[in-house]
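Trainee: next input, structure requested:
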Amino acid sequence: MNPPIRLHLDPEEFAPIDRLAKELNVTPEAVAYAGLNCIMRRVLEDPAARKEIVDLEFGRRQGLPGWADGARGVHIYESKKDE
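Mentor: A predicted model of the protein is given here:
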C-alpha cells in the first residue's frame, strides 16, 4: 500500500476549498483530488505546468496562494454568497 499524501493547509487556504465542496455537495478531499487530477493531466500536455509546480513549492513559503481568502483582501468577501 502506498503511503498517504498529507496536505497541510492554512485556514485561509482551507476556507475556499471547503466552500466549494459545500457548494458542489462533495467533500474537501474530493476537491483536492480533482485539483490533483487536473494538474497531473496538464503536466502531460504542458511543460510549463512542471515549472508552475516548482514555483508554487517555493512561493508557498513566501505567502498564501492567489485563491486563498487572505490573498485578495476584501475582494473575497464580495464574492461570497450571503448566508
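Trainee: what mean pLDDT does stretch 30-47 get?
Mentor: Computed over stretch 30-47, the mean pLDDT rounds to 93.
Trainee: from the contact counts, what lies against the lengthiest helix in the chain?
Mentor: Secondary structure of the chain read by DSSP state H shows that its longest helix is helix 28-45. Contact analysis of helix 28-45 by 3 or more CB pairs under 8 Å, 6 or more residues apart in numbering; DSSP states H and E lists helix 11-24, helix 47-62 as its packing neighbours. Yep, even glycine has a C-beta here, placed from its N, CA and C like the rest.
Trainee: okay, the angle between the last one and helix 28-45?
Mentor: So the one you mean is helix 47-62. Between helix 47-62 and helix 28-45, the angle comes out at 130 degrees (axes from the mean of the first three to the mean of the last three CA atoms, to 10 degrees).
Trainee: what sits up against stretch 37-57?
Mentor: Here stretch 37-57 makes contact (CB atoms under 8 Å, 6 or more residues apart in numbering) with residue 65.
Trainee: rerun that using 10 Å as the cut-off
Mentor: Stretch 37-57 is contacted from outside by 59, 65, using CB atoms under 10 Å, 6 or more residues apart in numbering.
Trainee: ends of that stretch, how far apart?
Mentor: End-to-end distance of stretch 37-57: 18 Å, with CA to CA, to the nearest Å as the criterion.
Trainee: got the buried residues for it?
Mentor: Residues of stretch 37-57 classed as buried by neighbour count (16 or more other CB atoms under 10 Å): none.
Trainee: against residue 42, how distant is residue 36?
Mentor: Separation of residue 36 from residue 42 (CB to CB, to the nearest Å) stands at 11 Å.
Trainee: tell me where the chain is predicted with low confidence.
Mentor: Under the criterion pLDDT under 70, the flagged ranges of the chain are 61, 71-83.
Trainee: change it to 90
Mentor: 1-8, 47, 51-83 (pLDDT under 90).
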